[in-house]
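Enquirer: give me coordinates for this.
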Amino acid sequence: MRIFTLALAALPLPALADTFTVASAPTAVTVYGGFAMVTRQVTVDVSAGTHEIVLPDLPQWVDAGSLRASTSGAQITSTRLRTDALPPRPDGDNEAVLDAKARIKTAERALRDLDDAVQDAKLVVKAADARLNFLIGLASSDTLPSEVAALTEIAQMIQSETLAATQARIGAERDARRIDEERPVLVKDLEDARAALAALTPPAKRKALLALSIAAQEAGEIIATISYPAQASWQPTYDVVLSRDDSDSMTLRRAALIYQNSGENWENVQLTLSTLTPSGQVVPSELFPRLLRFEDPQLRAKTQRNLSSLSADMAGTPAPVMEMARRPQPNFDGPGVTYSLPAPLSIAQNAEGARVELDALTFDARVFARAVPAHDTTAFLMAEAENTSAESLLAADTTQIYVDGSLVGRSNFTAVPAGGDITQAFGPIDSLRLTHVVLDRSEGDRGLISRSNAQTQEVRVTVENLGQERWNLELLEAIPYSEQDDLVIQWSAQPRADETDVDDRRGLMQWNLDMPPQTTNTVMIEQSIRWPDGKVLR
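Expert: Below is the predicted model:
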């Protein structure tokens, strides 16, 4: 029996379960278009056996259904997330918070020393006042000696002592004022120190506690990783630079604006930006075939009369209409792109937006001028390039436009898929002047003629190149179009348009004009519109 007991004692037994309470903070964040995945990582040295790792400082709003946990070096047997009735947390200020608190103490001590110095100076004033009061009382005393010599000696003493007391009083008052002049600076230092601490320590918010039960096969280091979604977003912003040299090129300098409202500060996190949209539609839409049927027109008329006899409330209710399922409207084709920032970044929650420079893409560009005389008085500088990168270019609300290094304005940027065309405007060309005139009958031309069911109009468009540069110019003009057979629209142009229905837009015409320096081009457009009598043209 003794041998059996000793044999049991020699077998390796599992270690007793230990609980490790570990402070955590966001270490890595992946930001998508509408939210972010926040990752926390903690390291614990454990012995072989079962243990519990407790993270007491997760945001209170973390959802158990979307929270994910994993460990290296051990197996998770269970997880428990508690958002209420949490145990008290010990104080654990980081170095920055400790420095801010020390700065507050230093500022408070300096302000206190100033108050002490002012008080000391005022004590000298009080002592001088007491001395003066004594001398005044002595000068009016009835017990002064009657001898002239003694009175003279006392008078001289009162005079000199009064002068000394008065000088001491004035000097002490000046010292107090001089010392107190430093008060605004010290008060400002204290306010700044308190503001710095407030920035580092937002108001305490309720936390959630996560407990991970783990089983370790052997002793060693355990790395626990926890991730959860949070409110954050990023959007691209661009600088589009047109370089006009021997070979025209367009450079797209890309940056990202990042905002987060996760309820906690991100301090030195490894940040990744993703163009994917996990929060968007992930399943195909439902498609409902249309049910067709025919019916007797007399029966239909009878049914409609019956419906019209219903109550006013029922008559005012619109017939139910099957709403088509919403279809996805992707901005571009192809997989998403991620950008991993090379250095950690800190972003305060709900307080600041961080700008991060990404990269620069350069494309060969075709430079031309575009003219819309119906609305503009000058043509505009344009550049067109093919997106030869392997990724789609996201749309941006904020884009700054440069030509040869000079800022010419701000614009937006339309999303461009990989292999798509980038078309960007770069401001007006003042030397290309435009005029758009509906000819007046008083000039001897046909001009505008309008009747009750017909309208004829003649327009003259003129482009003048007053500069010294040759331009390829695209002139755009709109011609009315109709989808009614009885509304007849005829038009002609001299010279003829090079393209009709540009970009599949009905009625949009384009002339491709060569504009050498100091030249003028004119386009004449005549249109005739006829519609049935008794109708009104809209």
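
Enquirer: isn't D376 right up against L434?
Expert: Yes - D376 is within contact range of L434, at 6.0 Å (criterion: C-beta atoms under 8 Å). Yep, even glycine has a C-beta here, placed from its N, CA and C like the rest.

Enquirer: who has more neighbours, those two?
Expert: Between D376 and L434, L434 has the larger neighbour count (other C-beta atoms under 10 Å), namely 19 against 14.

Enquirer: check contacts around the more buried one.
Expert: Residues near L434 by C-beta atoms under 8 Å, 6 or more residues apart in numbering: A371, V372, P373, D376, T377, T378, A379, V461, T462, V463, E464.

Enquirer: secondary structure class for G33?
Expert: coil (DSSP: H, G, I helix; E, B strand; the rest coil).

Enquirer: so V46 touches I222, yeah?
Expert: Yes - V46 is in contact with I222 according to C-beta under 8 Å; the separation is 5.4 Å.

Enquirer: between those two, what contacts are shared?
Expert: Shared contacts of V46 and I222, counting by C-beta under 8 Å, 6+ apart, come down to A74, I214, A216.

Enquirer: from E221, how far off is the first one?
Expert: Separation of A74 from E221 (C-beta to C-beta, to the nearest Å) stands at 10 Å.

Enquirer: name the residue in the two with the higher neighbour count.
Expert: A74 (25 against 12).

Enquirer: any idea how many residues pack against V240?
Expert: As a burial measure, V240 scores 22 neighbours (other C-beta under 10 Å).

Enquirer: so who does it touch?
Expert: M250, T251, L252, R253, T399, Q400, I401, Y402, S411, F413, Q424, F426.

Enquirer: nearest spatial neighbour of the last one, skipping sequence neighbours?
Expert: In this structure, F426 finds its nearest non-sequential neighbour in L381, 4.3 Å apart by C-beta to C-beta, 6 or more residues apart in numbering.

Enquirer: is it correct that the one you found is in contact with I401?
Expert: No - with contacts counted by C-beta under 8 Å, L381 stays clear of I401, the gap being 9.6 Å.

Enquirer: give the residues shared as contacts by those two.
Expert: Common neighbours of L381 and I401 (C-beta under 8 Å, 6+ apart) are L242, A425, F426, G427.

Enquirer: domain ranges for the chain?
Expert: Listed by automatic domain parsing, the domain ranges of the chain are 15-83+206-230, 95-200, 234-278+337-427, 439-530.

Enquirer: quick one: terminal-to-terminal distance for the second one?
Expert: Domain 95-200 stretches 11 Å from its first residue to its last (C-alpha to C-alpha, to the nearest Å).

Enquirer: ok so, going back, just put the domains of the chain in a markdown table and tack on distance to L287 and mean pLDDT.
Expert: Output for the domains of the chain, formatted as a markdown table (distance: least, C-beta to C-beta, whole Å; pLDDT from 0 to 100):
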| stretch | distance to L287 | mean pLDDT |
| --- | --- | --- |
| domain 15-83+206-230 | 27 | 88 |
| domain 95-200 | 53 | 74 |
| domain 234-278+337-427 | 22 | 89 |
| domain 439-530 | 26 | 84 |
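
Enquirer: okay, these in TSV with distance to L537 next?
Expert: Formatted as TSV, the domains of the chain follow (distance: least, C-beta to C-beta, whole Å):
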stretch	distance to L537
domain 15-83+206-230	46
domain 95-200	65
domain 234-278+337-427	19
domain 439-530	7
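
Enquirer: for P289, find the nearest of these.
Expert: Closest of the domains of the chain to P289 is domain 439-530, at 27.4 Å (criterion: C-beta to C-beta).

Enquirer: circling back to that earlier point, which member of the shared contacts of L381 and I401 is positioned nearest V488?
Expert: Nearest to V488 among these: A425, at 36.2 Å, using C-beta to C-beta.

Enquirer: that closest one contacts M382, correct?
Expert: Yes - shown here, A425 and M382 form a contact pair, counting by C-beta under 8 Å, at 5.6 Å.

Enquirer: of the two, which one has the most company?
Expert: M382 (21 against 15).

Enquirer: now do the contacts for the more buried one.
Expert: When contacts are counted by C-beta under 8 Å, 6+ apart, M382 is found next to V367, F368, A369, R370, T423, Q424, A425, F426, E474.

Enquirer: direction included, what does the helix or strand containing it pair up with?
Expert: Using DSSP states H and E, M382 sits in strand 378-386. Sheet pairing of strand 378-386 (DSSP bridges) gives strand 354-371 (antiparallel), strand 421-438 (antiparallel).

Enquirer: buried sites along the last one?
Expert: It stands for strand 421-438. I422, Q424, F426, G427, P428, I429, S431, L432, R433, L434, H436 (16 or more other C-beta atoms under 10 Å).

Enquirer: surely D180 is in contact with K122?
Expert: No - under the criterion of C-beta under 8 Å, D180 makes no contact with K122, lying 10.2 Å away.
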